[in-house]
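*Asks:* Predicted model follows, preceded by the sequence.
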Amino acid sequence: MNAFSRVGLATLVLSVLVGPGQVWAGTLSGSWRGGGTLVTLIGDREVVRCRVKIKQKSRKRLSMTAKCAATSGKANQTLTLTAVSANKFSGSFQNAEHNTSGNVTLTVRGNRISMYMSGNDGTASVSLRR
């Protein structure tokens, strides 16, 4: 099994530009893309590129899909997030293709969003833009 399929983007950190003012799920809605680094538990590193779609499910709930590719392969993730405060979302991700899942925390700081997803197979950091 290659590094990408072992990880399935188990952990992901996103930096996303958003609109000014108070953050609600709707301000994040839309298409995003970017890249970063995938790191497996054994320390293998790969460049990863992602296209992400964020949809507002309600005032404080988001659903996301992420199509990502690295040197070792491609993966599709689904994510569900709920606002826990004015600048923080938390939830889960699922990658059925590689049978992996984990927890997600998204924090908004000004015009940036950091999202941390923890799974059992590794980490990745990705910066996205519209």
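*Replies:* It's in.

*Asks:* and the nearest residue to Ser114 once chain neighbours are set aside, how many neighbours does it have?
*Replies:* Leaving aside its sequence neighbours, Ser114 sits nearest to Thr107 (Cβ to Cβ, 6 or more residues apart in numbering; 5.1 Å). Using the backbone N, CA and C atoms, a C-beta is placed for each residue, glycine as well. Thr107 has 16 neighbours, counted by other Cβ atoms under 10 Å.

*Asks:* Does Thr107 lie in a helix or a strand, and which?
*Replies:* strand 100-109 (DSSP states H and E).

*Asks:* List the strands paired with that strand, with their directions.
*Replies:* strand 88-95 (antiparallel), strand 112-118 (antiparallel) (DSSP bridges).

*Asks:* ok, of those, where does mean pLDDT dip lowest?
*Replies:* Mean pLDDT is lowest for strand 112-118 among these, at a mean of 72.

*Asks:* just checking, next helix/strand downstream of that one?
*Replies:* strand 122-129.
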